[in-house]
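> Quick check, what structure comes out for this input:
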Amino acid sequence: MANYDGNNIVAPVPRWEDIQRPMILASRSCIRLSEKMRNYEFKSKHVKALPQFSGHPIEDPLGFIKEFYLAVSTLPLKGLTEEELKMRCFSHCMKEDAREWLLNLPEESLTTWVEVYEAFMLRFYSPHQIEEFREKIFYFSQLHGELFHETWERFKTLLNQCPHHGFTNLMLSEIFYKALTPFYQTQVDIAAGGYGGNVTAIEKMNVYEKLARNSRLKGVQGRRVEAHEVGTRYGNFNGAFAKGTNLNHTPNDFLHGIQPQPQQPSSMISKIDKLEDMISKLVDIQTNAQHAQAATEAAIKNLEILSQEIIQILRTNL
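Below you'll find the predicted structure:
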């Protein structure tokens, strides 16, 4: 409490306990908000619609900004411009390390959305990342067993992660073409009207889009056929376990990738049964033939003996 010496008010002498208690003074945000922005009615459903960014190295700052723009575009303006609404919403998206970064910025140092955006990108999107993305784009290649549409989508995702890569459309169309296997390069050549083709970069990109649509359609159909074949082949697997059949495998083996011996389809079993019957009949025929041959040889031998006896009797009578 201040003291009065009769003429002036004397400031109180600091006490030891005063410096032991933390004093938090009113602090303004680093983003300067007008009265209109401060009075914007922010509901809980609005906060839930906004993406979150924590500032971790594995997070994608550009991806967050794109999601942020999309989320803000769905909110009511209520007298604000879209830039003002972005400034009003931005602080609600920052969590953990990103939140700490935002709190440490000087008060009201960011007065426009452009300044907020530049400060954010300068902190969380480093030039080193740009160089890494450019190298990934330049040395892009199709993976083993990858379908055309999967390669094309992966390439476009890479471009979206670094929109300021600096490559022209002509260079990008050539990079993607060289990344393909010879088989898919041939498909591109045919679709473009021959090798190289008298087409522009945009036209070649459209060729990639068309081939990707066809590849996606065939890929889905192929997976459906494959799933049907797998289901037919292993259709009785779960039923066998339910009935207690011993397949020399456990469900855990199946989950860990150890495949059970496939059960034969009923048509195959029927054919195997028929084959076994035919083999049995052939064995019987062969056995009967052997018996018949033995009987014939015995009859011939008996006939020879009988003939000799008849000849001997005739000689004796004569």
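
> okay, CA-based contacts and neighbour counts for the rest of this
Fine.

> And the pLDDT at Thr287?
Thr287 is assigned a predicted lDDT (pLDDT) of 58.

> So which other helices or strands are in contact with the helix or strand harbouring Met37?
Element membership of Met37, judged by DSSP states H and E, is helix 35-38. If you count contacts as 3 or more C-alpha pairs under 8 Å, 6 or more residues apart in numbering; DSSP states H and E, helix 35-38 packs onto helix 82-90.

> Next secondary structure after the helix it packs on?
helix 96-103.

> Show the subsequent helix or strand relative to that following helix.
Next element after helix 96-103 (DSSP H and E): helix 113-124.

> ok so, going back, what lies in contact with the helix holding Met37?
80, 84-85, 88 (C-alpha atoms under 8 Å, 6 or more residues apart in numbering).

> tell me the contacts of Phe133?
Phe133 neighbours (C-alpha under 8 Å, 6+ apart): 158, 161-162, 165.

> Pick the one among the contacts of helix 35-38 closest to Glu150.
Nearest to Glu150, judged by C-alpha to C-alpha, of the contacts of helix 35-38 is Leu85 at 36.9 Å.

> Need the buried ones from the contacts of helix 35-38 selected in PyMOL.
Only the buried entries of the contacts of helix 35-38 go into this PyMOL selection, using 16 or more other C-alpha atoms under 10 Å:
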select buried, resi 84+85+88
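
> sorry, back to before: can you tell me which of the contacts of Phe133 are in helices?
158, 161 (DSSP state H).

> can you give me the helices for the chain?
Using DSSP H, helices in the chain cover 35-38, 44-49, 61-72, 82-90, 96-103, 113-124, 127-138, 148-161, 169-179, 182-191, 201-233, 237-242, 251-255, 266-317.

> in the shortest one, what counts as buried?
Neighbour-count burial for helix 35-38, counted by 16+ other C-alpha under 10 Å, picks out Met37.

> can you pull the alpha-carbon coordinates of it into CSV?
Output of helix 35-38 as CSV, limited to C-alpha atoms (Å, rounded to 0.1, in the frame of the first residue of the first chain):
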residue,chain,number,x,y,z
GLU,A,35,-13.6,-4.8,-32.7
LYS,A,36,-15.7,-6.4,-35.5
MET,A,37,-13.5,-9.5,-35.6
ARG,A,38,-13.5,-9.8,-31.8
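
> Rounded mean pLDDT for that helix, please.
Rounded mean pLDDT across helix 35-38 is 90.

> Likewise for the third one?
The predicted model gives helix 61-72 an average pLDDT of 92.

> Sweet, I'm off.
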